[in-house]
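[1] no sequence on this one, just coordinates:
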């Protein structure tokens, strides 16, 4: 009834990576050496739900079109951060040309009245009480909608769930299908506006990727909060308290805050 189908990809039995992109022709996992196939069948699958048909169908719903006009009626305030449209990243993108393959186009980001602003979030979820196994949903948020309904369940776009039981070691590989679709959105995807009764080129741009500390560590491929340089905002060094012995690091919130306010040069 939704007129689109999920796409299944082979993935590591331990969820280390998805066998797409650079891993597409791999016979074994590059991280744990587990085989991709067993008796000719995939050991595990990652199911991806395409985002293009989900966003295209928005413009076949007059109520959704009206709700997404919020981003065009919003007036930014340079002195107040009250929405994603007040961010420096969004402001810079609006003044930047879209580039494809290193070639700059005449088109600028968010120059179209129907362009969609997206944010991606992920987090590990323990489905059982013992919390030894986790899965990682990939969730998109539509910031064209008013802030009070951004995170309502009916407006959340889940494009897939990394099956677990372990945290992925190559998170980018599970995002590969999504990135391919986002690249198509840079070029423009044909869509039909039911209110205007016209075909147009739909563009959608991902400007935000967020999560808690553990999720950001995975997304940014960092060492994490137990590392010598634990913060991805500043250059604060961890210290080793004498009573903790080897392997324990500690830093104070004030030191971290001071480092953010007066960051050293790289």
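    Yes, it's here. Treat the numbers as computed from the prediction; the structure is a model and nothing was measured. Residues are numbered from 1 along each chain as shown.
[2] what residues are up against residue 12?
    Neighbouring residues of residue 12 by C-beta atoms under 8 Å, 6 or more residues apart in numbering: 18-19, 29, 31-32, 34, 36, 43-44. Every C-beta, even on glycine, is put in place using the N, C-alpha and C of the backbone.
[3] Give me the most central residue, this structure.
    residue 120 (3.1 Å; C-alpha atoms, centre = their mean).
[4] Would you quantify the distance from that one to residue 205?
    11 Å (C-beta to C-beta, to the nearest Å).
[5] Turn the contacts of residue 12 into JSON lines, including pLDDT, distance to residue 227 and secondary structure.
    Shown next, in JSON lines, are those (pLDDT from 0 to 100; distance: C-beta to C-beta, whole Å; DSSP: H, G, I helix; E, B strand; the rest coil):
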{"residue": "18", "pLDDT": "95", "distance to residue 227": "26", "secondary structure": "strand"}
{"residue": "19", "pLDDT": "95", "distance to residue 227": "29", "secondary structure": "coil"}
{"residue": "29", "pLDDT": "94", "distance to residue 227": "25", "secondary structure": "coil"}
{"residue": "31", "pLDDT": "93", "distance to residue 227": "20", "secondary structure": "coil"}
{"residue": "32", "pLDDT": "93", "distance to residue 227": "23", "secondary structure": "coil"}
{"residue": "34", "pLDDT": "93", "distance to residue 227": "27", "secondary structure": "coil"}
{"residue": "36", "pLDDT": "91", "distance to residue 227": "32", "secondary structure": "coil"}
{"residue": "43", "pLDDT": "90", "distance to residue 227": "32", "secondary structure": "coil"}
{"residue": "44", "pLDDT": "93", "distance to residue 227": "30", "secondary structure": "strand"}
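[6] OK, contacts around the closest residue to residue 67 other than its chain neighbours?
    Among residues not flanking residue 67 along the chain, residue 145 sits closest, at 5.5 Å (C-beta to C-beta, 6 or more residues apart in numbering). Applying C-beta under 8 Å, 6+ apart, we find residue 145 in contact with 67-68, 70, 155.
[7] who wins for most neighbours among those?
    In terms of neighbours by other C-beta atoms under 10 Å, the contacts of residue 145 top out with residue 68 at 20 neighbours.
[8] And for the helix or strand harbouring residue 208, what's in contact with it?
    Per DSSP states H and E, residue 208 falls inside strand 204-210. Strand 204-210 is contacted by residues 51, 55, 84, 87, 89-90, 93, 109-110, 115-121, 140, 143, 182, 185-186, 216, 219 when judged by C-beta under 8 Å, 6+ apart.
[9] Return the set of buried residues in that strand.
    Neighbour counts over strand 204-210 (16 or more other C-beta atoms under 10 Å) mark 204-207 as buried.
[10] For residue 125, state which of the residues you listed is nearest.
    Within the buried residues of strand 204-210, proximity to residue 125 (C-beta to C-beta) peaks at residue 206, which comes in at 21.8 Å.
[11] Name the nearest residue to the closest one, sequence neighbours excluded.
    Of all residues not flanking residue 206 in the chain, residue 118 sits nearest, at 4.7 Å (C-beta to C-beta, 6+ apart).
[12] what inclination does the helix or strand harbouring the one you found have with respect to strand 204-210?
    Element membership for residue 118 (DSSP H and E) is strand 116-122. Comparing the axes of strand 116-122 and strand 204-210 via axes from the mean of the first three to the mean of the last three C-alpha atoms, to 10 degrees yields an angle of 30 degrees.
[13] State the mean pLDDT of strand 116-122.
    Across strand 116-122, the average pLDDT comes to 94.
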